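Enquirer: Provided below are the primary sequence and the corresponding predicted coordinates.
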Amino acid sequence: MNTRQGLIRAALCASAALLVAASAAAPTSETRHTPDAKPAPKAGAGSTAGSTTKSLHPNFALLDALSVNVLQSGRTVSTMKT
C-alpha cells in the first residue's frame, strides 16, 4: 500500500468515526421536549411538613440563544445566556 492509499484510508476511517459520534449525540424524538409534556415533580413535593430536606441542585433556568427557557422552546441550551 502506498502513502496516498494510506492517507485515503485514514481519512475514510476518521470520517466514519465522526459520523458515528455525531449520530449518537443527535437528539431523537424520544428525548425532545414536547409542549404538552408535564414537568417532573419538584424534590420534596410529597414530603411531610417537618421535613428540612433541600435539593442539591440549584434552581435556575437553562436558556436558549433567544433567552427563552429550553423547556418551553425545545431549543438547545446556550452557555452564553444561561
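Expert: Sure, I can see it.
Enquirer: secondary structure element holding Ala14?
Expert: Secondary structure from DSSP states H and E places Ala14 in helix 3-25.
Enquirer: show me which parts of the helix or strand following that helix are buried, residue by residue.
Expert: Downstream of helix 3-25, the next assigned helix or strand under DSSP H and E is helix 70-73. The neighbour-count check on helix 70-73 (16 or more other Cβ atoms under 10 Å) flags Val70 as buried. From N, CA and C alone the C-beta is placed, and that goes for glycine too.
Enquirer: check which helices and strands helix 70-73 sits against.
Expert: Applying 3 or more Cβ pairs under 8 Å, 6 or more residues apart in numbering; DSSP states H and E, we find helix 70-73 packed against no helix or strand.
Enquirer: got the CA positions of it in CSV?
Expert: Backbone C-alpha positions of helix 70-73 (Å, rounded to 0.1, in the frame of the first residue of the first chain) are rendered in CSV as follows:
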residue,chain,number,x,y,z
VAL,A,70,-35.3,25.5,26.9
LEU,A,71,-38.2,23.5,28.4
GLN,A,72,-40.6,25.9,26.6
SER,A,73,-38.7,26.5,23.4
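Enquirer: in terms of pLDDT, where does Ala11 sit?
Expert: Ala11 carries a pLDDT value of 84.
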